[in-house]
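Asks: The following comprises the amino acid sequence and a computationally predicted model.
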Amino acid sequence: MIGIPFLLIALIIAFYLISSIKILAEYERGVIFRLGRLLPKAKGPGVILVFAPIDRIVRVSLRIDTIEVPPQDVVTRDNVSVKVNAVIYFRVIEPRLAVVQVSNFLYATSQLAQTTLRSVLGEVELDELLSKREDLNIRLQFLLDQHTSPWGIKVTLVEVKQVDLAEQMIRALARQAEAERERRAKIIHAEGEYTAAEKLAMAAEIIQRQPAAIQLRYLQTLLDIGAEKNTTIVFPLPIDIMRSFGAALDRFGYADRPREQEPGK
């Protein structure tokens with residue numbers, strides 16, 4: 001009769017000890033509250049003992065987690081309404097702070113990300129939002145990490161995923177891009193004309209020093225014309241000959257001779 005209660009007590013103690021054994025994975029830590037007081041160090045990984053109801057364990061994962069920020073209505077500094085969503089990558093580096101300092105660090109980080117996204121993007125113009133997204137990601141990551149550091153959370157990366165614009169703004173941006181391309185085309189064309197004029201001026205100076213060069217250009221032009229079996233015949237007539245002929249006429253007085261009057265006048 002005495003052995004049965006002893007055996008029963010031993011079974012109860014053995015069952016209690018077995019139920020007190022907890023196994024934590026490599027990426028988990030156990031925050032232990034003993035009689036309501038936080039133990040100075042988190043336990044794990046591996047096998048740990050949790051003596052309920054004296055101890056209460058809160059499992060915390062140390063893996064990188066993600067939060068997708070829902071689309072936020074943002075008004076930029078130049079008064080353009082856009083919808084922006086983002087994704088946040090973070091991990092818990094101090095489990096005790098993540099449990100004690102905030103009631104739900106996932107929800108708190110998500111709400112903080114939404115407000116920070118609206119405030120930061122509201123301080124920039126639309127062109128900066130579209131072209132300097134990397135700088136904005138770094139700024140968002142710095143601000144979020146600064147605010148979540150007291151919670152034992154490290155924000156590793158923030159990425160702005162998508163920027164949705166109104167249809168009218170998309171058409172305006174298309175017209176702006178088209179005008180910019182036309183401006184660049186005109187500038188390139190003007191630079192080409194300027195370079196060509198400089199080269200022609202240099203060529204004219206060389207030809208002026210070497211008159212025979214113009215004859216070579218005449219011959220080259222004739223060769224290019226006749227290369228494709230062209231029947232057109234071109235006779236180059238130098239301007240100097242015409243000027244010499246005109247000077248000879250002036251010398252003999254043919255240019256100043258009055259015309260003969262027609263009969264009857």
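Replies: Structure received.
Asks: now the strands for the chain?
Replies: Along the chain, the segments classed as strands by DSSP state E run 21-24, 28-34, 37-38, 46-49, 55-61, 65-75, 81-92, 153-164.
Asks: and the last one with strand 65-75, angle?
Replies: Yep, that's strand 153-164 we're talking about. With axes from the mean of the first three to the mean of the last three CA atoms, to 10 degrees applied, the angle from strand 153-164 to strand 65-75 works out at 50 degrees.
Asks: So which elements touch strand 153-164?
Replies: strand 81-92, helix 105-121, helix 133-148 (3 or more CB pairs under 8 Å, 6 or more residues apart in numbering; DSSP states H and E). Every residue, glycine included, has its C-beta placed from N, CA and C.
Asks: any idea how far the shortest one is from the chain center?
Replies: Okay, so that is strand 81-92. Strand 81-92 has its C-alpha centroid displaced from the chain centroid by 16 Å (CA atoms, centre = their mean, to the nearest Å).
Asks: next one: the last one
Replies: Once both centres are worked out by CA atoms, centre = their mean, helix 133-148 turns out to sit 16 Å from its chain's centre.
Asks: And for the second one?
Replies: When C-alpha coordinates are averaged (CA atoms, centre = their mean), helix 105-121 and its chain have centres 22 Å apart.
Asks: Can you name every helix or strand that that helix contacts?
Replies: strand 65-75, strand 81-92, helix 133-148, strand 153-164.
Asks: right, and the ones you listed - which one's nearest A42?
Replies: strand 81-92 (10.2 Å; CB to CB).
Asks: Check which residues of the closest one are buried.
Replies: Residues 82, 84-86, 88, 90, 92 are the ones in strand 81-92 that count as buried (16 or more other CB atoms under 10 Å).
Asks: Pick out whichever of the residues you listed sits closest to V47.
Replies: Proximity of these to V47 (CB to CB) peaks at V92, which lies at 21.6 Å.
Asks: who are the neighbours in contact with the residue nearest to that closest one when sequence neighbours are not counted?
Replies: Nearest non-adjacent residue to V92, counting by CB to CB, 6 or more residues apart in numbering: A98, 4.8 Å away. Listed by CB atoms under 8 Å, 6 or more residues apart in numbering, the contact set of A98 reads 60, 92, 105, 151-153.
Asks: ok, S149 to D78 distance?
Replies: Look at S149 and D78: by CB to CB, to the nearest Å, they are 33 Å apart.
Asks: Would you convert the helices and strands packed on strand 153-164 into a markdown table that also reports mean pLDDT and distance to A201?
Replies: Converted to a markdown table, the helices and strands packed on strand 153-164 look like this (pLDDT from 0 to 100; distance: least, CB to CB, whole Å):
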| stretch | mean pLDDT | distance to A201 |
| --- | --- | --- |
| strand 81-92 | 93 | 52 |
| helix 105-121 | 93 | 54 |
| helix 133-148 | 93 | 47 |
